[in-house]
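[1] I would like the atomic coordinates for the input below:
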Amino acid sequence: MNSVAPPESQDGAVGGAAEMVRAYRDWQGSNKFFLGGRFVFGPDVRSVALTIFLIVGPSAVFCVFVARKLMDDFSGDWGIAVMVVYVVSTLYVLVLLLLTSGRDPGIIPRNSQPPEPESCDNSLEFGNGARPRLARSKDVVINGITVKVKYCDTCMLYRPPRCSHCSICDNCVEHFDHHCPWVGQCIGLRNYRFFFMFVFSSALLCLYVHGFCWVYIKMIMNSEDISIWRAMTKTPASIVLIIYTFLALWFVGGLSVFHLYLISTNQSTYENFRYQYSRRANPYNKGTIRNFMEVFCTSIPSSKNNFRARVPKKNATQSNSASARFSTKNMGNVKVEQQHQEKAIWDEPTIDSHTVLTIGSSRITLANDDHNTNWQ
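    This is a model prediction of the structure:
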């Protein structure tokens, strides 16, 4: 199993030995853990209870007021089959919901220190006489197409391609799709398959309830020889379920169609809205069949986090000190360079060549001959 515990802190040792705690108890993200770290949810885990109610509530109404009546009206075992299929399908949807919301979506462990600059790395940026510092982004080539990977100040790492930092969970997530408030979890590499199956199965469940409610109304019409309107008044529960499933089907059905399109083109929701691959080449598109196989026919990678591992307890202030020092040092270098350049320009410009000041990924060229500033 390729799971690792979060990096150990060198701080917090008391008398030469640090206090050991479970990794999930000292987690730096916003996640909520249950059953000793076996289940990991997002900070909005309470929304899962609402989703469960929206599934179980109508299911109870359907079983009591529609499916139970159909058991008496259908001949043989067909009535029982209607009830059994529905109960099994509902349990299946709830299991998919748990698999989507209660597992690690693909969180990348944070670094305890920023990566060391490498002199041969073309991602380095140099100031005037200053030490090299990390660039805000790197260029990597995927299937012949150049894509940028960005540096994450919070996790102190260069995000892999298709990775993004979720501001709600406060984690970098591999193959980030979106953060879903209905399941209270990020959707990423390790739970996207279950998310799609949950949404698609919910759409089928809505069609099932919607259809059999109309079947029950039709059976009332035939048995009592009355109009459809009078038959509808005799089963108000069916009318409520028809309206509810019709509205729900617009949501889960539309979402299913949208994600079928995303899977066929090998896009994520985040990429679809941000990069618009319809206007540019998609380096991840392998063809429709291979794209579907990548989602449904490949093994799900193991979690990179062992939430139940025992690790030295971090001090909340000290755990963030490395990132703060890294940012402060960079900003300090920028201020020193700015002061140096201003002095060289306004006091006595004696440098013949252009002076370059680098801030993040922007380059400011200060021309000493005419005191003009050019942004690149």
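[2] export stretch 184-197 as CSV, just CAs?
    Extracted in CSV, the C-alpha atoms of stretch 184-197 (Å, rounded to 0.1, in the frame of the first residue of the first chain):
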residue,chain,number,x,y,z
GLY,A,184,-19.9,17.3,1.4
GLN,A,185,-16.7,16.3,-0.3
CYS,A,186,-14.2,17.1,-3.0
ILE,A,187,-14.6,15.1,-6.2
GLY,A,188,-11.3,13.9,-7.4
LEU,A,189,-9.2,11.0,-8.6
ARG,A,190,-10.3,8.4,-6.0
ASN,A,191,-14.0,9.1,-5.8
TYR,A,192,-15.1,10.5,-9.2
ARG,A,193,-16.2,7.0,-10.4
PHE,A,194,-18.5,6.6,-7.4
PHE,A,195,-19.8,10.2,-7.8
PHE,A,196,-20.9,9.6,-11.3
MET,A,197,-22.5,6.3,-10.4
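[3] any idea how far that stretch is from the chain center?
    Centroid separation for stretch 184-197 versus its chain: 8 Å, with C-alpha atoms, centre = their mean, to the nearest Å.
[4] any residues touching that stretch, and which ones?
    41-48, 96, 99-107, 166, 168-169, 171, 173-180, 183, 256, 259, 263, 269, 295-296, 300-301, 303 (C-beta atoms under 8 Å, 6 or more residues apart in numbering). No exception for glycine: its C-beta is placed from N, CA and C like everyone else's.
[5] In PyMOL, select just the buried ones from the residues you listed.
    The PyMOL selection below is limited to those of those classed as buried (16 or more other C-beta atoms under 10 Å):
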select buried, resi 41+42+44+45+47+48+96+99+100+101+102+103+104+105+106+107+166+169+171+173+174+175+176+177+178+179+180+183+256+259+263+269+303
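[6] So for stretch 105-121, mean pLDDT?
    Averaging pLDDT along stretch 105-121 yields 80.
[7] Same question for stretch 225-238.
    92.
[8] Report the buried residues of that stretch.
    For stretch 225-238, using 16+ other C-beta under 10 Å, the buried residues are 231-232, 235, 237-238.
[9] what would those look like in TSV with distance to Met83 and secondary structure?
    Below are these laid out as TSV (distance: C-beta to C-beta, whole Å; DSSP: H, G, I helix; E, B strand; the rest coil):
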residue	distance to Met83	secondary structure
Ala231	21	helix
Met232	22	helix
Thr235	17	coil
Ala237	15	helix
Ser238	15	helix
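[10] After the helix or strand where Gly253 lies, which helix or strand is next?
    Using DSSP states H and E, the element containing Gly253 is helix 236-265. Sequence-wise, the next helix or strand downstream of helix 236-265 (DSSP H and E) is helix 269-274.
[11] Can you list the neighbours in contact with that following helix?
    With C-beta under 8 Å, 6+ apart, helix 269-274 has contacts from 162, 164, 176-178, 187, 259, 262, 277.
[12] and it, how far from the chain's centre?
    The answer for helix 269-274 is 12 Å, by C-alpha atoms, centre = their mean.
[13] That one: which residues count as buried?
    269-272.
[14] List the contacts of Phe33.
    With C-beta under 8 Å, 6+ apart, Phe33 has these contacts: 24, 27, 39-41, 307.
[15] check which helix or strand covers it.
    strand 32-34.
[16] I'd like the average pLDDT over that strand.
    93.
[17] Mind listing the strands it pairs with, and their directions?
    strand 39-41 (antiparallel) (DSSP bridges).
[18] Give me the residues contacting the partner strand.
    So strand 39-41 is contacted by 24, 31-34, 48, 101-104, 184-185, 307 (C-beta under 8 Å, 6+ apart).
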